[in-house]
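Visitor: Could you look at this predicted model? Sequence included:
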Amino acid sequence: MSRIKNCFDKLNTGNRKALIPFVTAGDPDPALTVPLMHAMVEAGADIIELGVPFSDPMADGPVIQRAAERALLHHVSLRDVLGMVATFRQQDDHTPVVLMGYLNPVEVMGYPAFAAAAENAGVDGVLTVDLPPEEAQVCAGELRARDIDPIFLLAPTTDDERIKLICEAASGYVYYVAVKGVTGAGNLDVAAVADKLTQIRALSHLPVGVGFGIKDASSAAAVATVADAVIVGSVLVKQMELAQSLKQGTEQHDTITAGITGLLAQMRAAMDAIV
Amino acid sequence: MPQAEKTPDKTQQIAGKFPDERGHFGPYGGCFVSETLMVPLRELEQAYHRLMQDPVFLKELDDDLRHYVGRPSPLYFAESWTRKLGGAQIYLKREDLNHTGAHKVNNTVGQALLAKALGKTRIIAETGAGQHGVASATVAARLGLECVVYMGADDIQRQALNVYRMKLLGATVVPVESGSRTLKDALNEAMRDWVTHVDTTFYIIGTVAGPHPYPAMVRDFQAVIGREAREQIQQQAGRLPDALVACVGGGSNAIGLFYPFLDDQNVTIYGVEAAGDGLDTGRHAAPLCAGQPGVLHGNRTYLMEDPDGQIIETHSISAGLDYPGVGPEHAWLKDTGRAQYVAVTDDEALQAFHDLTRIEGIMPALESSHALAYVTKLAPTMDKDQIIIVNLSGRGDKDIHTVAALEGIEV
C-alpha cells in the first residue's frame, strides 16, 4: 500500500485532517532542506510537498518564484532533489513525500528513468503543475508501475467532465486549487470551496487537499472543516525571505526552521481543535 | 520522452492536417498548462472554430485586414538587390507596410475580434521587440478594451520607442524583472495574469507558440501572408517561387508565409534563426539549430535548455528573436524535413540591415534582417531564373537606436 493511502487511512481513523506543507528544495540553500523536512514532520506535517526548482515557474506567484531562483543559484537539479528525498528516507520511512514541479526537468531526464529514480529515492507522489491528464498518460503510467501516485490539480474552472477525467487519472489525493490565480494569491472563500468539494466528492472517492490562499491557523482550520488535507506553501516560504538578512548557515537555518515549525504547530493545533 | 518519427515522405505534411484535435504536430505542441486554464482554452478553441465558419465574422475580419491593416501587402521585386547578389530573383513580401509596421497586426486584429465575440473586456499580451505589444495596444484602443502588455525589463531598455507608442495608445506596460528579463519572462508573467483574471481577460499571444489552440490559431491568422504571396507571385512572375525565406523567433511570420506553400513540394523552405554571437559560442537564440525538445509555455517543442532541463538565457541583437523556444509546427517541419532551419549571426543581420537600406531604400527590422542575411548567402547559389520570396516581416524604425548605439552614435 502506498504511504499516501496509508497516511489518509490513519488520519481518517482518528478523524483528523492532513497538514501538507510545501517548501522548495534547496531554498535558501541545499543544506537546510532535509533537516527542515524532519522538523516539519515533528511540528505536525503529515505529508511533505517538495518543490523542484524550475527556471520558468509559470503557475507560481513572486514568493515561490524567488524560492526557485534562490535554489537555482545553488544549481539544485531534479537529481539533487531526489538525493534529498533519499537522505530524508534514511531516518523517516513513513512520512509521504510528494514532488511538485514543472514537466521539463522530468521530460529531459526521461519518464522511465525519472520514475525509477523516484522509486529508489522513496518518493510517494508526483504533481507536475503543467501536465494535465490528457498529456500525462505515458508519464503517469510509468509512475503507477512503480507505486508512485500521480497527483493532479483541480481548479474552480474545472467542470464535471474534467473532474471525472482527472480523478480517474489520479491516485493518492487530488489537489484543489482554491483560487483562480498563482500561488500566494488572495484569500480563499471557504463557502465556495465547500460547494466545489461537494461537486468533486459526488464524482470521486479520492481524498481532496485544498491549497492556495491559506495564510494562517484560522484559514487552515476553516479549510480543514471541508477538505481532507490543508496544503500550505507561500506563507512558509516567506520565512526564507524574512531570514535573508541573517548570516547564511546555522543562524539563518535555525531562524527559518523556527518560523516554519511555529506556523505549522499553530495550524496543526487549530485543525485538531475543530474535531 | 516521445521521440519524433522521421518521415522521409514529405507529402505526409499536408496543409490543414495538423495539428490533431488536441493540438499536436507529431510529438510537438499539445496543451501543457495548469488545470485552471484547461477549460478556458477549450472554450477558446470552440469559439474559434465556430467563428471561423461564421460568414459575418469572416467578413468583419476581411474588412479589417483590408481597410485597417492595409492588406494585401505588396510583393515587391527587389531588382537592384537581385542584380547586386547576381543570382535568384528576390521578391520581398512587404509586411513592413502594414499598419503598425509589422506582420503582428494580422493576428491581433483576428484575436481582438475573438475577444469581442467572447465578451471579454480586457486584453493582455506579452512582447519582445514591442511590435506585438504595439499591435495589441492598437486593436485594444480601437475596440475600447483595456490593454496590459508584459515586457521584459531589458527589452524595455532596448525598445524605448515602442514602449512609448504603447503608452500613447493607452496601454499599461508592465516591466518584468524576473528571470532573464526578456520575452520568455514576459510570457510567464502574462500567463500568471491570465490565470488570475481568466473570467474577464483575453490573452492575445503574439506568436505560434503557447498551448493549443494558439499555435494553430495564430498560424491561421498569419497565413494571409502566404496566401497573398502565392497569388501575387503567380500574377507577377507567372509561377510559384523556388524558395521561401523568413526569420524564426517564435515563428509567426515564418509559418504565415510557409503554410499555404506546404503542399508545393518544389518550393524549398528556409527558416532563419538568430545565431547571436555564433552557434558555437552558446550565446544565441537558435533552438531548432542547436537545442533539444522539451516543454515550455504550454507546448512541447525545441528549446534552449541545460542538461537539467532548466531554460537557459538566449542572446540576439533582435529582441523579437530573443526567445528560447519556437512554435511547435516549426519543430515538426524540421523533423519531417519539409523545412530547413539555418541561423545567421548578429553581425550578418546588421550587414543585411544596412544593405537593404542602401540598395533598395527599405529599412528592415533587425528580425527581418536575419532572413535577408540568409538570402545574401542563398541567392548567389541559385540560377538567375529562379525565384526567392523573403518575408520582410517588419520595418526598422524601432531598431534605429540599437543600430546607432552599436556604431557609437547617439540619436
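Guide: Structure's in. What do you need? Numbering: from 1, shown residues only, chains lettered A, B, ... in the order given.

Visitor: give me the residue from the stretch 51-200 of chain B nearest chain A.
Guide: Here the stretch 51-200 of chain B gets closest to chain A at one residue, residue B:196, 4.0 Å apart by C-beta to the nearest C-beta. Yep, even glycine has a C-beta here, placed from its N, CA and C like the rest.

Visitor: Nearest spatial neighbour of that residue, chain-adjacent residues omitted?
Guide: residue A:181 (4.0 Å; C-beta to C-beta, 6 or more residues apart in numbering or on different chains).

Visitor: Can you list phi and psi of residue B:39 for me?
Guide: Here is the backbone geometry of residue B:39 (degrees, to the nearest 10): phi -70, psi -50.

Visitor: Contact residues of the stretch 101-250 of chain A facing chain B?
Guide: Within reach of chain B by C-beta under 8 Å from any C-beta of the partner chain, the stretch 101-250 of chain A has these residues: A:102-111, A:129-132, A:134-135, A:138, A:152-159, A:162, A:166, A:177, A:180-182, A:185.

Visitor: low pLDDT regions in chain B?
Guide: B:1-16 (pLDDT under 70).

Visitor: does the nearest residue to residue B:120 once chain neighbours are set aside sit in a helix, a strand or a coil?
Guide: In this structure, residue B:120 finds its nearest non-sequential neighbour in residue B:202, 4.0 Å apart by C-beta to C-beta, 6+ apart. Under the three-state scheme (DSSP: H, G, I helix; E, B strand; the rest coil), residue B:202 adopts strand.

Visitor: Would you agree residue B:202 is in contact with residue B:108?
Guide: No - using C-beta atoms under 8 Å, residue B:202 is not in contact with residue B:108, being 10.9 Å away.

Visitor: In terms of neighbours, single out the busier of these two.
Guide: Between residue B:202 and residue B:108, residue B:108 has the larger neighbour count (other C-beta atoms under 10 Å in any protein chain shown), namely 28 against 25.

Visitor: for stretch A:221-233, how far is the first residue from the last?
Guide: 15 Å (C-alpha to C-alpha, to the nearest Å).

Visitor: likewise stretch B:148-160?
Guide: With C-alpha to C-alpha applied, stretch B:148-160 spans 17 Å between its terminal residues.

Visitor: what's the offset of that stretch from the middle of its chain?
Guide: Centre-to-centre, stretch B:148-160 and its host chain are 18 Å apart (C-alpha atoms, centre = their mean, to the nearest Å).

Visitor: how close does residue B:336 sit to residue B:29?
Guide: 14 Å (C-beta to C-beta, to the nearest Å).

Visitor: now residue A:199
Guide: Computed as C-beta to C-beta, the residue A:199 to residue B:29 distance reads 31 Å.

Visitor: sorry, back to before: count of neighbours near the residue of the stretch 51-200 of chain B closest to chain A?
Guide: 17.

Visitor: Could you do the one 3 residues further on as well?
Guide: The local packing count at residue B:199 equals 12, with neighbours defined by other C-beta under 10 Å.

Visitor: Now do the same contact list for it.
Guide: By C-beta atoms under 8 Å, 6 or more residues apart in numbering or on different chains, residue B:199 lies in contact with residue A:180.

Visitor: Ok, residue B:259 next?
Guide: B:15, B:219, B:222-223, B:226.

Visitor: that's a strand at residue B:76, yeah?
Guide: Yes - assessed with three-state DSSP, residue B:76 lies in a strand.

Visitor: ok, residue 81 - contacts?
Guide: All of this refers to chain A. Residue A:81 touches A:25-26, A:50, A:52-53, A:99, counting by C-beta under 8 Å, 6+ apart.

Visitor: hmm, I had chain B in mind actually
Guide: B:90, B:355-356, B:359-360.

Visitor: Can you flag which of those belong to helices?
Guide: Of the contacts of residue B:81, the ones assigned to helices by DSSP state H are B:355-356, B:359-360.

Visitor: residue ranges with poor pLDDT in chain A?
Guide: In chain A, residues with pLDDT under 70: A:1, A:275.

Visitor: Break down the stretch 1-150 of chain A into its strands, ranges please.
Guide: For the stretch 1-150 of chain A, applying DSSP state E, counting those that start in this stretch gives strands covering A:18-24, A:48-51, A:97-101, A:125-128, A:149-151.

Visitor: same for the following helix or strand past the shortest one, what does it pack against?
Guide: I take that to be strand A:149-151. Sequence-wise, the next helix or strand downstream of strand A:149-151 (DSSP states H and E) is strand A:153-154. With contacts taken as 3 or more C-beta pairs under 8 Å, 6 or more residues apart in numbering or on different chains; DSSP states H and E, strand A:153-154 sits against helix A:160-169, strand A:174-177.

Visitor: Can you say which of the ones you listed is packed in most?
Guide: strand A:174-177 (a mean of 27; mean count of other C-beta atoms under 10 Å in any protein chain shown).

Visitor: For the most centrally placed residue in chain B, give its distance to residue B:214.
Guide: Central residue of chain B (C-alpha atoms, centre = their mean): residue B:252, 2.7 Å from the mean position. Distance from residue B:252 to residue B:214, counting by C-beta to C-beta: 10 Å.

Visitor: now residue B:50
Guide: Taking C-beta to C-beta, one finds residue B:50 at 17 Å from residue B:214.

Visitor: Between these two, which has more neighbouring residues?
Guide: Ranked by neighbour count (other C-beta under 10 Å), residue B:50 and residue B:214 place residue B:214 first, with 30 against 11.

Visitor: what about residue B:365, neighbour count?
Guide: Other residues near residue B:365 come to 31 when the count uses other C-beta under 10 Å.
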